[in-house]
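Enquirer: here is a sequence with its predicted model. Questions after.
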Amino acid sequence: MKYIGLIIGLEENRAVVLTAESKVMGIKKSEGMFLGQKVFFSHNDMLTVKRRRINFYMPAIAGVAALLMLVFGYFKFFYSSETLVFIDVDINPSIEFAVDGKSVVKDVHPINKDADALTQNLDLENIPFAEALKKYIDKAIEEGYLNERKENSNYLLVSAALNPKSSEFKKSRVNTEKRLDSELESLKYDLHEAYSRKFNFEIVKVPEYYKEKSMEKNISLGKYMVYERIREKGTSITIEEVKSGNLYNLLHKNGLYPLDEKSINISQETTPVKVRDTIIDYSPVIPTPSVATNTQVIMSTHAVSNTPQSKFTPEVTGKVKGTPGIYKAPAYYITPSFTLKPTHKIIPSDIPKEADIAQYNFENGLQDFKITNAIEFYNSSDNAFAGTKSLKISMRSGEDEYIDTSKVDPSIKHGTTITFHVWIPDTTEITAVEAFYQDANWEWTGNWNFYSQLTPNKWNTIKLKVLDDEILPIRRIGVKIAAKDKRFSGDIYIDSISWN
């Protein structure tokens, strides 16, 4: 569970906070904390405060009533359906804007002390976000935080995450994402026109779950993304080092500048999808004997894949339209007695796999799964994690893809672990794969995996546990392939979705 509080005291090893329930408690102190800061924390962060220390802070509590209203007003906006998107801005001051569906700023949250000082006497609420951002940037220039003459002080990062609790998000995630993409593209143009000759800037969209993670660490969305990207490269770094470090220096030192995700593109219109079944030709192929004793005759067999999940059926009749050209058909020789001698040696990976007993195994159809933008999808025998078939999706260039079903088995309960198997090709054009579910209120929970965390040309196992505080029943489960900014066009496979 997450708690929100206002820092009313800073001691050597802890910060003292006043909670929404008017309780005084201690939490772990971290670098950059300041008096009056709004912080989120969990049970693991809590520390005991003796009664006499609580009495010491009672006079301070009486003087912060107005400030408490602001703190818990922000709390309301975070958990409200009114906030559509959270937009964080990092210069080295870090600030967060809660923006509604009309692109109006509803609340402002300084994340560190510099941002708190920078926003004093600066009215940024209840105005369009683009206007608020320009006012904030101009103030940062005036105060010297942005300086075109200093290389490490002329960089600005804008990071945005949709609010999964937003009513608009719940109604249509796809349309909401497209709208955000359009807004960010417009913002990118405005910033370029106003500041490109003076400063470098980047705009990124990050996964929704980054909001929870960044709140836990009291860090901006952008800096949390940088923290994760540095760790992905195998570099040891603490969250405190990212909090206090110069953002421009961090990016250059770790080879992350410019960020890969900076390109924001407007999505294409959705095109109706075509669904088809696997086409199999079972027409027999009959060898034609020859008078010569060593005449080679080619026998058609089932197409064979070179992946560990493929199977080879050693029979002389029947052929399938699948992945061509991976293996040549085995050669047989006709002797005068017409005895066939196969030259292909069967290896363990060729042996047919056991039946797929997963709840969604796609052996006999699509099982009510649907797609959003793909050119086509169908259950295919080209590649399978288990059994003989999987769901094959031919993705459209420039689009994210959602492969999901709203006909969810009611046996999925609190604590259930859902296991997904996803096959992706070797490419530079997929950003990430996210397994997800949505609860009874259509709130989104996902397990986001960057492409660098996955293994191409193999089946990847992704697990997702249903949290204990979700509202049942689960209404939707599926997989998101994040590839819009990368322009991926190709095939991916999904198979054997199961739960305990």
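Expert: Sure, I can see it.
Enquirer: centroid-nearest residue for this structure?
Expert: Centrality entry for the chain: nearest residue to the mean C-alpha point is W448, 3.9 Å, by Cα atoms, centre = their mean.
Enquirer: does that one count as helix, strand or coil?
Expert: Judged by DSSP: H, G, I helix; E, B strand; the rest coil, the three-state class of W448 is strand.
Enquirer: which secondary structure elements does the longest helix seen in the chain contact?
Expert: Counting by DSSP state H, the longest helix found in the chain is helix 173-195. Helix 173-195 is packed against helix 129-142, strand 155-162, strand 200-205, with contacts defined by 3 or more Cβ pairs under 8 Å, 6 or more residues apart in numbering; DSSP states H and E. For the C-beta atoms, the positions are set from N, CA and C on the backbone; glycine is no exception.
Enquirer: wait, isn't R231 in contact with I239?
Expert: No - counting by Cβ atoms under 8 Å, I239 is not a contact partner of R231; they are 10.0 Å apart.
Enquirer: who has more neighbours, those two?
Expert: Comparing R231 with I239 by other Cβ atoms under 10 Å, the one with more neighbours is I239, at 19 against 14.
Enquirer: test my guess that the more buried one contacts S220.
Expert: No - the pair I239 / S220 is not scored as a contact, 11.6 Å apart, by Cβ under 8 Å.
Enquirer: sketch out the low-pLDDT regions of the stretch 351-500 of the chain for me.
Expert: The stretch 351-500 of the chain contains residues with pLDDT under 70 at 351-354, 484-486.
Enquirer: no, scratch that, I was asking about the chain
Expert: Applying pLDDT under 70 to the chain picks out residues 1-2, 20-22, 50-52, 54-55, 57-81, 260-354, 484-486.
Enquirer: which residues of it fall in helices?
Expert: Counting by DSSP H, the segments of the chain that form helices are 51-62, 65-78, 113-118, 129-142, 167-171, 173-195, 210-217, 221-232, 239-244, 247-253.
Enquirer: beta partners for the closest residue to S411 other than its chain neighbours?
Expert: Leaving aside its sequence neighbours, S411 sits nearest to W499 (Cβ to Cβ, 6 or more residues apart in numbering; 7.6 Å). Beta bridges link W499 to I418, judged by DSSP bridges.
Enquirer: measure W499 to F362 for me?
Expert: As for W499, its distance to F362 is 16 Å (criterion: Cβ to Cβ, to the nearest Å).
Enquirer: which of these two has more neighbours?
Expert: Ranked by neighbour count (other Cβ under 10 Å), W499 and F362 place F362 first, with 26 against 20.
Enquirer: isn't that one up against I393?
Expert: No - proximity of F362 to I393 does not meet the contact threshold set by Cβ under 8 Å, at 11.2 Å.
Enquirer: quick check: neighbours shared by those two?
Expert: Common contacts of F362 and I393 (Cβ atoms under 8 Å, 6 or more residues apart in numbering): I494.
Enquirer: follow-up on the earlier one: which parts of the longest helix of the chain are buried?
Expert: Buried residues in helix 173-195, defined by neighbour count with 16 or more other Cβ atoms under 10 Å: 173, 176-181, 183-184, 187-188, 191, 195.
Enquirer: which of those lies closest to E142?
Expert: E142 has its nearest neighbour among these in Y195, at 13.8 Å by Cβ to Cβ.
Enquirer: and the closest one, what does it touch?
Expert: Taking Cβ under 8 Å, 6+ apart, we find Y195 in contact with I137, L156, F201.
Enquirer: give me the beta-bridge partners of the closest residue to N364 other than its chain neighbours?
Expert: The shortest distance from N364 to any residue other than its chain neighbours is 7.6 Å, reached at N379 (Cβ to Cβ, 6+ apart). Judged by DSSP bridges, the bridge partners of N379 are L391.
Enquirer: wouldn't N379 be in contact with I393 here?
Expert: No - judged on Cβ under 8 Å, N379 makes no contact with I393 at a distance of 10.8 Å.
Enquirer: so what sits against both of the two?
Expert: Common contact partners of N379 and I393 (Cβ under 8 Å, 6+ apart): none.
Enquirer: ok, the residue lying closest to F377 once chain neighbours are set aside - how many residues close by?
Expert: Closest residue to F377 apart from its sequence neighbours, by Cβ to Cβ, 6+ apart: I393 at 4.4 Å. Each residue near I393 was counted by other Cβ under 10 Å, and the total is 25.
Enquirer: what residues are up against I393?
Expert: For I393, the contacting residues are I371, A374, F377, E401, I403, I481, D491, I492, Y493, I494, by Cβ under 8 Å, 6+ apart.
Enquirer: what about 10 Å?
Expert: 273, 369, 371, 373-378, 380, 401, 403, 479, 481, 490-494 (Cβ atoms under 10 Å, 6 or more residues apart in numbering).
Enquirer: hmm, which of those are the buried ones?
Expert: Listed as buried from the contacts of I393 are 273, 369, 371, 373-375, 377-378, 380, 401, 403, 479, 481, 491-494; burial here means 16+ other Cβ under 10 Å.
Enquirer: picking that back up, now render the buried residues of helix 173-195 as a markdown table, adding distance to E151.
Expert: Shown next, in a markdown table, are those (distance: Cβ to Cβ, whole Å):
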| residue | distance to E151 |
| --- | --- |
| R173 | 39 |
| T176 | 37 |
| E177 | 34 |
| K178 | 36 |
| R179 | 35 |
| L180 | 31 |
| D181 | 30 |
| E183 | 30 |
| L184 | 26 |
| L187 | 24 |
| K188 | 22 |
| L191 | 19 |
| Y195 | 16 |
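Enquirer: let me know the closest of those residues to Y227.
Expert: L184 (21.7 Å).
Enquirer: surely the closest one meets I203?
Expert: Yes - the criterion here is Cβ atoms under 10 Å, and L184 meets it with I203 at 5.4 Å.
Enquirer: which residues touch stretch 361-369?
Expert: Residues contacting stretch 361-369 (Cβ under 10 Å, 6+ apart): 275, 277, 355-357, 359-360, 377-381, 384-393, 403-408, 477-479, 493-498.
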